[in-house]
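J.: This is a predicted model, with the sequence first.
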Amino acid sequence: TQSSKGLCFAGTHGKTTTSSMAAHIFHESPIGCNAFLGGILRNYNSNLILSEQSPFTVIEADEYDRSFHWLHPYMAVVTATDPDHLDIYGTEEAYLESFAHFTSLIQPGGCLIMKKGMRLVPNVKEGVKIYTYSARDGGDFHAGNIRIGDGTIVFDFVTPEGVFADIELGVPVEINIENAVAAMAIAWLNAVSGDDLRRAMASFKGAKRRFEFWVRRPDRVMIDDYAHHPDELKASIRSVKALYPGRRLSVIFQPHLYSRTRDFAPQFAEALSLADEVFLLDIYPARELPIPGVTSKLIFDKITCRNKELCLREKLLERIKECNFDILLTMGAGDKIIGSADVCFVFVFKGDRWLVEVGDRNSRIEPRVGVPCPERHIERHALQLGSGDSVVGGLMVIARGSADLCAVETFVEHSQLYAEAEYSFP
């Protein structure tokens, strides 16, 4: 940020998706950008974007251990300041003060774009403008005429100088309206055109583990999300319920850090109680040693939904097979849940119907449900050469029966062959 115009995105949550959206917008425009992000962008299969011409660098600014104080932003976005990392900061006041110091690092001539209604009191230098944004609550930048339905989200982007109509989200979940407004705000302030904004938002595929669809079928949906703070859990669960109203939502959550569990157990329980069914795993310790008396049961005892269960990680696969889920949302920042090839979803195509099977790679598994299939189906897989199987993380997809693999575009990431695979049905 000392040798380029740093566009820095900070906040308790939302910073990975918002910075990823901004990087994609700039990259797809004639302005371009460099970017160093906290998640792998599915559009580029990387968290790094390079440009020899652009003066801009998009950066995810992490508040953990005050590391974002090393930056010198030209412009900055602050998405949220809900207290977190109290093992580092001790109090909410100290956490907010750290963000205030971050705003003081913005260079004169730049600006701060902050979510409307935050408790943050910015401490910007003279010559730094301050803008506010929101999804529905007004501000200098916000969304208007929001339309949600049929698996799409479309809205109008309202700026201080006009309105850009019909912005469609490539990742249509409600929480992304707010993220998109912030990303487009910083792009608009740097002369990205309305047409470029509209085109980039529609083509944005999201970051891995940020509301990432692993299974998306009429009868069964599986979504993985990195949410590990109570407010993130609440936003993700509400987004799923808005996207699939009236459907049964099962949530698997692995708490991240003993200290965070200790500090926010009631808030975690309140968020998880929004689900219809909860499977709660043991705490993922990450960098921490156990804290006496701190276990997942602190959260579990306060969850109020009717169906809840403490589940050992090694028993999780069996419980998934037994519960016959409708909508499954896995959340957490640890090794959690379905992150190995222990579990697979097998799609067997027969005539004009496909069958979903759930099991582990070595078990004998039987079809669970049959529904009509479309004429064409496009899915991203990791492919194993010489095999009919496809594995991505813990997701295995096997196409057999009447489905034909008719188009594959391949790329390599971390020594693994990936592909966009298109199936047709005779």
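T.: Ah, there it is.
J.: what about Asp84, neighbour count?
T.: 25 (other CB atoms under 10 Å). C-beta: built from backbone N, CA, C; applies to glycine.
J.: In this model Arg260 seems to touch it, though I could be wrong.
T.: Yes - here Asp84 reaches Arg260: they are 7.1 Å apart, a contact under CB atoms under 8 Å.
J.: From Pro83, how far out is Pro266?
T.: 14 Å (CB to CB, to the nearest Å).
J.: if we can go back for a sec, hey, what's in contact with both of Asp84 and Arg260?
T.: Here Asp84 and Arg260 share the contacting residues His229, scored by CB atoms under 8 Å, 6 or more residues apart in numbering.
J.: Stretch 293-308: how far from the chain's middle?
T.: Counting by CA atoms, centre = their mean, to the nearest Å, stretch 293-308 is centred 24 Å from the centre of its parent chain.
J.: and it, which residues are buried?
T.: For stretch 293-308, a neighbour-count test (16 or more other CB atoms under 10 Å) marks 294-296, 298-300, 303, 308 as buried.
J.: Next: stretch 69-88.
T.: Applying 16+ other CB under 10 Å to stretch 69-88 flags 71, 73-87 as buried.
J.: any idea of the mean pLDDT in stretch 90-107?
T.: When pLDDT is averaged along stretch 90-107, the result is 92.
J.: what about dumping the CA coordinates of it to CSV?
T.: The C-alpha coordinates for stretch 90-107 follow below in CSV (Å, rounded to 0.1, in the frame of the first residue of the first chain):
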residue,chain,number,x,y,z
GLY,A,90,-9.7,-7.9,25.9
THR,A,91,-12.7,-5.6,25.6
GLU,A,92,-15.1,-4.3,22.9
GLU,A,93,-13.8,-0.8,23.5
ALA,A,94,-10.3,-1.8,22.7
TYR,A,95,-11.6,-3.6,19.6
LEU,A,96,-13.4,-0.5,18.4
GLU,A,97,-10.3,1.6,19.1
SER,A,98,-8.2,-0.6,16.9
PHE,A,99,-10.6,0.0,14.0
ALA,A,100,-10.6,3.8,14.7
HIS,A,101,-6.8,3.7,14.5
PHE,A,102,-7.1,1.8,11.2
THR,A,103,-9.2,4.7,9.8
SER,A,104,-6.5,7.2,10.8
LEU,A,105,-4.2,5.4,8.4
ILE,A,106,-6.2,6.4,5.3
GLN,A,107,-4.3,8.8,3.1
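J.: what does it rub up against?
T.: Outside stretch 90-107, the residues touching it (CB under 8 Å, 6+ apart) are 10, 61, 63, 66, 68-69, 71-76, 78, 81, 83-86, 89, 112, 119-125, 128.
J.: buried sites along that stretch?
T.: Residues of stretch 90-107 classed as buried: 95-96, 98-100, 102-103, 105-107 (neighbour count, 16+ other CB under 10 Å).
J.: With distance to Glu318 and secondary structure as extra columns, can I get those in TSV?
T.: Converted to TSV, the buried residues of stretch 90-107 look like this (distance: CB to CB, whole Å; DSSP: H, G, I helix; E, B strand; the rest coil):
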residue	distance to Glu318	secondary structure
Tyr95	40	helix
Leu96	44	helix
Ser98	44	helix
Phe99	44	helix
Ala100	49	helix
Phe102	46	helix
Thr103	49	helix
Leu105	50	coil
Ile106	52	coil
Gln107	55	coil
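J.: any idea which helix or strand carries Asn145?
T.: strand 142-149 (DSSP states H and E).
J.: Tabulate the CA atom coordinates of that strand in PDB.
T.: In PDB, the C-alpha atoms belonging to strand 142-149 read as follows (Å, rounded to 0.1, in the frame of the first residue of the first chain):
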ATOM      1  CA  HIS A 142     -27.600   1.600  -0.800                       C
ATOM      2  CA  ALA A 143     -29.800  -0.800  -2.600                       C
ATOM      3  CA  GLY A 144     -33.300   0.000  -3.800                       C
ATOM      4  CA  ASN A 145     -36.100  -1.800  -5.600                       C
ATOM      5  CA  ILE A 146     -34.800  -5.200  -4.300                       C
ATOM      6  CA  ARG A 147     -36.400  -8.200  -6.100                       C
ATOM      7  CA  ILE A 148     -35.800 -11.700  -4.700                       C
ATOM      8  CA  GLY A 149     -37.400 -14.700  -6.400                       C
END
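J.: give me every residue that touches Gly139.
T.: 116, 131-133.
J.: ugh, typo on my part, it should be Pro160
T.: 131, 140-141 are the contacts of Pro160 under CB under 8 Å, 6+ apart.
J.: try it again with 7 Å
T.: With contact set as CB atoms under 7 Å, 6 or more residues apart in numbering, Pro160 has these partners: Asp140.
J.: tell me the strands in the stretch 201-350 of the chain, going along the chain?
T.: 212-216, 221-225, 249-253, 277-280, 307-310, 327-331, 344-350 (DSSP state E, counting those that start in this stretch).
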